Each structure stands twice: as C-alpha cells, then as structure tokens.
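Chemist: sequence first, then the predicted structure:
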Amino acid sequence: MRSEVAAFAKGLGSAGGWGELDPGTLGELLLEARARAEAEWPGVTLDPDAFALALGEACRGRPVARETLRALRVGDLLVARACVAHDRAALRAFEGLLRDVELSLGRILPEAPDRADVLQSMRRRLLLSEEGRRPKLLEYNASGDLRAWLRVVAVRDALRVRRKAGREVRVSDHDDERLFDRGGIAVEAEAGNLKALHRDLVYNAFKEAVTRLEARDRTLLRLHYLDEVSLDALAALHRVHRATVARWLARARESLLLATRAVLEGQGSVQPDECDSLVRFVMSRFGGSFVKAFDDGHSTYEPTAPR
C-alpha cells in the first residue's frame, strides 16, 4: 500500500499534504478505487502502482478528497492505462469501444475505408509513442465517459480527413426524402398541420435555409442532431463550457428557422399566416429525425478540438 501511495503522490506532483487525507486513509481509498475499477472490467489487469500513478495524474488540479477519487471514472481509467500497457483484455475492450465510435463517423465519412483509416490512425496515436510524444490515451483523465472522449478524438480526425480530401458528404435525395417523411413534416393525415400542397415547399425551403447558415452552425447542428455527439463532447471538442455550446446550438436553430421563414416568404407561394404556421411546425419537429435532412456536407469549419 505504501508504494501505491508513493505512486499516487508522484502522479499528483506532490510529496505529500493531501488535505484531509492522511497516508493511511489515502491508501484505503486507492484500494477501493482499484477494486471498483476491476469490478467494472473483470479480466483487465494493470500493475497497482501504475494505476495509483494514473489516479494521481487524474487528480491534478483538483482537491484530493474522498469525493474527488470516488467521482473519477476509475473503470475507464483502468482500461485506458491497461491498453497502453498492452493488456489483452483491455485491448479487446478498447476495440469494442471503437466499434461504437465508428457509428458516429458514418455521416462524416460515409465510405468504410475512410472510417477504417481514421480508426487505424487513432489506434496508433492513442496506443503508441511517436516522435517523442506519449500515447494520447494517457491524456484521458477519468472525468467523463471514455467512449465519449474517444468519440471527440474520432470526430475531430474525421472532420480533418474530410476537409483535406475536399469532399462533400451528402445524404442521398432518397435519404432526405425518407428522413423528411419520418420527421412528420409530410404526413398531413397524421399531423393535420400541413397541406400536401405545401409539403415540397417546406422541404425545399428547409434545405435552402441550411445552405444559408454559417459553417460553424451547420457543423454543430449536424454533429449534435445527426451524429448524436453530446453537449459535453462538443464542449470538449471546442474547449468551451457546456453552457456555451448549448447557447450556440440554440442560436443555430433560431437562425435556421428564420432562414426557412425567409425562403418561404420569398417564394410568395404561402400566405404570411400560413408561413408562421409552417415554421412553427418545423420548430415542433426540430430535434427529431427531421433534422437529419440538413446534412449538407458544405461546411469548411473545423472546431479547435484537443490535440
């Protein structure tokens, strides 16, 4: 236990002085954290001192207290560090997480070989030391879900690949139509809000409105609603607070709806009162599958994600 306390202190960057915790209490908390981690991931093994070192590094800049240690995602931290140590069970778990992450890349990189290239590049950077740099997986600090952390890395890499290739990523017209229908916009019999006459008008106005958005707004909306990247992951991607991302998304939605209204009014085919009704209906459906119709692929915006 003494060696684990010393390893924790090394990771923390402190020779002692852990607030309310004496070495004995700290040692017990380290044992408890390791037991919780191993219970979450049976079969994943890591040297106890290496795990204590990782816990110390995860606690840097935080008050060292019971609450701090118990709030850490210790199971995910165990997997991350054991992967770098080439533990077979951890690497199998890591591959399972990557399979989940790949699902988030489908709309950014629709071609399977492109996704495979991104994931292979991630494996190399996350697990291996290159050009004097530590494996990137050592940067995971157990403050959030490891899968979400990996998704941030993957989305950032995928966006870079897409921009470098200069390719547009579009859903097909058939997919646009199907998703538009699924969102309820087209179904007069069910919704009772739109006449069949207005279906194509609203659909085309919405698509036109998407092209009028700023690149960042399009990217944010697509990542959040289409690729299901969480607010927390987007905040990490942009290095801002979660509340800031929420405000950006709210403003982007408002811009999209105002642009939709402007397109409808400019067409002159819809009366002002009908236009208001149609836009309100779009608002009521926004956030469901209908929003997937805006995956336009024209964005040149790349967020400043963690490297």
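Modeler: Yep, that arrived. Numbers count the residues shown, from 1 in each chain.
Chemist: which stretches in the stretch 201-307 of the chain count as strands?
Modeler: Using DSSP state E, counting those that start in this stretch, the stretch 201-307 of the chain contains no strands.
Chemist: would you map out the domains in this protein?
Modeler: Using automatic domain parsing, the domain parsing of the chain gives 2-83, 87-165, 173-294.
Chemist: mind putting the ones you listed in a markdown table, mean pLDDT and mean neighbour count included?
Modeler: C-beta: built from backbone N, CA, C; applies to glycine. Putting these into a markdown table (pLDDT from 0 to 100; neighbours: other C-beta atoms under 10 Å) gives the following:
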| stretch | mean pLDDT | mean neighbour count |
| --- | --- | --- |
| domain 2-83 | 88 | 18 |
| domain 87-165 | 87 | 17 |
| domain 173-294 | 65 | 17 |
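Chemist: was I right about residue 23 contacting residue 4?
Modeler: No - taking contacts as C-beta atoms under 8 Å, residue 23 lies outside contact range of residue 4: 10.2 Å.
Chemist: touching, residue 100 and residue 148? I think so.
Modeler: No - Residue 100 lies out of contact with residue 148 (C-beta under 8 Å); the separation is 10.2 Å.
Chemist: contact partners for residue 114?
Modeler: By C-beta atoms under 8 Å, 6 or more residues apart in numbering, residue 114 lies in contact with 158, 161.
Chemist: distance of it from residue 154?
Modeler: 12 Å (C-beta to C-beta, to the nearest Å).
Chemist: ok, residue 80 next?
Modeler: Taking C-beta to C-beta, one finds residue 80 at 15 Å from residue 154.
Chemist: then residue 246?
Modeler: With C-beta to C-beta as the criterion, residue 246 and residue 154 are 22 Å apart.
Chemist: ditto for residue 205
Modeler: 33 Å.
Chemist: next one: residue 22
Modeler: Distance from residue 22 to residue 154, by C-beta to C-beta: 42 Å.
Chemist: kindly report the same for residue 9.
Modeler: In terms of C-beta to C-beta, residue 9 sits 34 Å off from residue 154.
Chemist: same check, this time on residue 75
Modeler: From residue 75 to residue 154 the distance is 21 Å (C-beta to C-beta).
Chemist: can you get me the start-to-end distance on stretch 219-229?
Modeler: 11 Å (C-alpha to C-alpha, to the nearest Å).
Chemist: same question, stretch 125-139
Modeler: Termini of stretch 125-139 sit 11 Å apart (C-alpha to C-alpha).
Chemist: tell me which residues are up against that stretch.
Modeler: Taking C-beta under 8 Å, 6+ apart as the rule, stretch 125-139 contacts 80, 81, 83, 84, 124, 150, 153, 306.
Chemist: try 7 Å this time
Modeler: 80, 83, 84, 124 (C-beta atoms under 7 Å, 6 or more residues apart in numbering).
Chemist: give me the phi and psi angles of the first one.
Modeler: Phi and psi for residue 80, reported as degrees, to the nearest 10, are phi -60, psi -50.
Chemist: show me the contacts for it.
Modeler: Applying C-beta under 7 Å, 6+ apart, the residues contacting residue 80 are 137, 140, 146.
Chemist: next, format those residues as a markdown table and append distance to residue 163 and secondary structure.
Modeler: Output for the contacts of residue 80, formatted as a markdown table (distance: C-beta to C-beta, whole Å; DSSP: H, G, I helix; E, B strand; the rest coil):
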| residue | distance to residue 163 | secondary structure |
| --- | --- | --- |
| 137 | 25 | helix |
| 140 | 26 | coil |
| 146 | 26 | helix |
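Chemist: closest one of the residues you listed to residue 36?
Modeler: Here the nearest of these to residue 36, counting by C-beta to C-beta, is residue 146; it sits at 14.8 Å.
Chemist: which helix runs longest in the protein?
Modeler: helix 242-267 (DSSP state H).
Chemist: residue 52 touches residue 7, doesn't it?
Modeler: Yes - counting by C-beta atoms under 7 Å, residue 52 touches residue 7, with 4.0 Å between them.
Chemist: and what about residue 108, helix, strand or coil?
Modeler: Secondary structure assignment for residue 108 (DSSP: H, G, I helix; E, B strand; the rest coil): coil.
Chemist: distance of it relative to residue 127?
Modeler: Taking C-beta to C-beta, one finds residue 108 at 23 Å from residue 127.
Chemist: repeat that for residue 112.
Modeler: From residue 112 to residue 127 the distance is 22 Å (C-beta to C-beta).
Chemist: now residue 79
Modeler: From residue 79 to residue 127 the distance is 12 Å (C-beta to C-beta).
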